[in-house]
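Colleague: could you look at this predicted model? Sequence included:
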Amino acid sequence: MKITFFGTQPYDRESFDRANAAFGFEFNYHRSHLNANNALLAKGADAVCIFVNDTADTDTIRQLAEMDVKLIALRCAGFNNVDLKAAAEYGIPVVRVPAYSPCAVAEHAVALMLALNRKVHRAYWRTRDGNFSLHGLMGFDMYGKTAGIIGTGKIARELIRILKGFGMEILAYDIYPDEKYAAAAQIKYVPLDELYRRADIISLHCPLTDQTRYMINEGAIARMKPGVIIINTGRGQLIRTEALIEGLKEKKVGAAGLDVYEEEAAYFYEDTSDSIMNDDVLARLLSFNNVIMTSHQGFFTHEALDNIAHTTLQNINDFDKHRELVNEVRAEAEKAMG
């Protein structure tokens, strides 16, 4: 099969070339992100492989179908950038990588929590300038505090395992609660309002759907515990950024750790340091010393990249061999939260 990749970086090529030794597919790599204006680059391909900042909307999918592209393979877990209804209409299956490394993302979420709590990012810059003052670096013991976890899929469960090791109480919310898992993990599912009210740290681990888009908004933040730390390693549009900024200004939100941003496509995975940032909201967010933003790197470990490459190519191989597509996503799957 011929596969055209969009939005690739050197590390993508290395991991996929390495994994392809077991499959023998023909690859064509592009750095540009897939959209309706450059879909023609997929001409001659049997499948396209895309990432989080590629756009497979109705117009793009129509063009892919006209070029006889037979499969859309996501090399990530999220699929909100694909119009699944259009894909079904044009008869193009969509597959994804649902669990490339839950540990990688969960551990990154913990890194953000610890850095924000103990002000590691501020201390790092101070000591480099010879400033060893402790003023403004006060944190709190994680032990005995309450973590609110929204969505209880594979990544969230790994995070819960880690946080229980700190001695934290875990409150969870999922529109499809798994009581058997809750009993085994010794956690408690609670209504969202209770989670907001009681949690010292809130971490988001649900997909982006119509139900979850901007779930962290003015009203949600108003119901949260004063000084709450908000962590988002899921999808940027789970948070209304303007509302988060207001919460930070009013000190309702004590800190925010963000590996994603709702308008990240124009910046993330690119070096724009020589340019003037024209996103005023992003610039304002980055001005807070109690905000840490990373460039959607939660997945970025050696193990995760190898798992992504292998699972993606296995999905494509299953399609090529007319086997069951165990990682296929369809329009109705958007309703799931965990």
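Modeller: Good, I have the coordinates. Everything numeric here is computed off the predicted structure, so don't read it as measured data.

Colleague: would you map the helices across the stretch 151-300 of the chain?
Modeller: Applying DSSP state H, counting those that start in this stretch to the stretch 151-300 of the chain gives helices spanning 154-165, 179-185, 192-198, 218-222, 241-249, 280-286.

Colleague: please identify the most buried of those helices.
Modeller: Neighbour counts (mean count of other C-beta atoms under 10 Å) averaged over each of the helices of the stretch 151-300 of the chain peak at helix 154-165, with a mean of 20. No exception for glycine: its C-beta is placed from N, CA and C like everyone else's.

Colleague: returning to that earlier point: dump the helices of the stretch 151-300 of the chain to JSON lines, plus mean pLDDT and distance to Arg62.
Modeller: Output for these, formatted as JSON lines (pLDDT from 0 to 100; distance: least, C-beta to C-beta, whole Å):
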{"stretch": "helix 154-165", "mean pLDDT": "97", "distance to Arg62": "33"}
{"stretch": "helix 179-185", "mean pLDDT": "97", "distance to Arg62": "41"}
{"stretch": "helix 192-198", "mean pLDDT": "98", "distance to Arg62": "38"}
{"stretch": "helix 218-222", "mean pLDDT": "98", "distance to Arg62": "37"}
{"stretch": "helix 241-249", "mean pLDDT": "98", "distance to Arg62": "32"}
{"stretch": "helix 280-286", "mean pLDDT": "95", "distance to Arg62": "32"}
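
Colleague: among those, which is nearest Met142?
Modeller: helix 154-165 (7.7 Å; C-beta to C-beta).

Colleague: so what secondary structure elements neighbour that closest one?
Modeller: helix 102-117, strand 146-150, strand 169-173, helix 179-185 (3 or more C-beta pairs under 8 Å, 6 or more residues apart in numbering; DSSP states H and E).

Colleague: possible to save the ones you listed as a markdown table with distance to His322?
Modeller: Listed next are the helices and strands packed on helix 154-165 as a markdown table, based on distance: least, C-beta to C-beta, whole Å:
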| stretch | distance to His322 |
| --- | --- |
| helix 102-117 | 30 |
| strand 146-150 | 38 |
| strand 169-173 | 39 |
| helix 179-185 | 34 |
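
Colleague: so which of the ones you listed is the most packed in?
Modeller: strand 146-150 comes out most buried of the helices and strands packed on helix 154-165 by mean count of other C-beta under 10 Å, with a mean of 25.

Colleague: can you list contacts of stretch 185-200?
Modeller: Stretch 185-200 is contacted from outside by 140, 145-148, 150, 157, 160-161, 164, 170-174, 177, 179, 182, 202, 220, 223-225, 227-229, using C-beta atoms under 8 Å, 6 or more residues apart in numbering.

Colleague: figure out which of the helices and strands packed on helix 154-165 is closest to Gln297.
Modeller: helix 102-117 (7.0 Å).

Colleague: report the central residue of the protein.
Modeller: Gly234 (3.3 Å; C-alpha atoms, centre = their mean).

Colleague: now do Met337, the pLDDT please.
Modeller: With respect to pLDDT, Met337 scores 41.

Colleague: how far is the longest helix out of those in the chain from where the chain is centred?
Modeller: Looking across the chain with DSSP state H, the single longest helix is helix 302-320. Averaged C-alpha coordinates place helix 302-320 at 18 Å from its chain's average position (C-alpha atoms, centre = their mean, to the nearest Å).

Colleague: same question, stretch 167-184
Modeller: 21 Å.

Colleague: other residues contacting that stretch?
Modeller: Here stretch 167-184 has contacts from 142-152, 156-157, 160, 163-164, 185, 187-192, 194-195, 198-199, 206, 211, 336-338, using C-beta under 8 Å, 6+ apart.

Colleague: that concludes my questions; thank you for your assistance.
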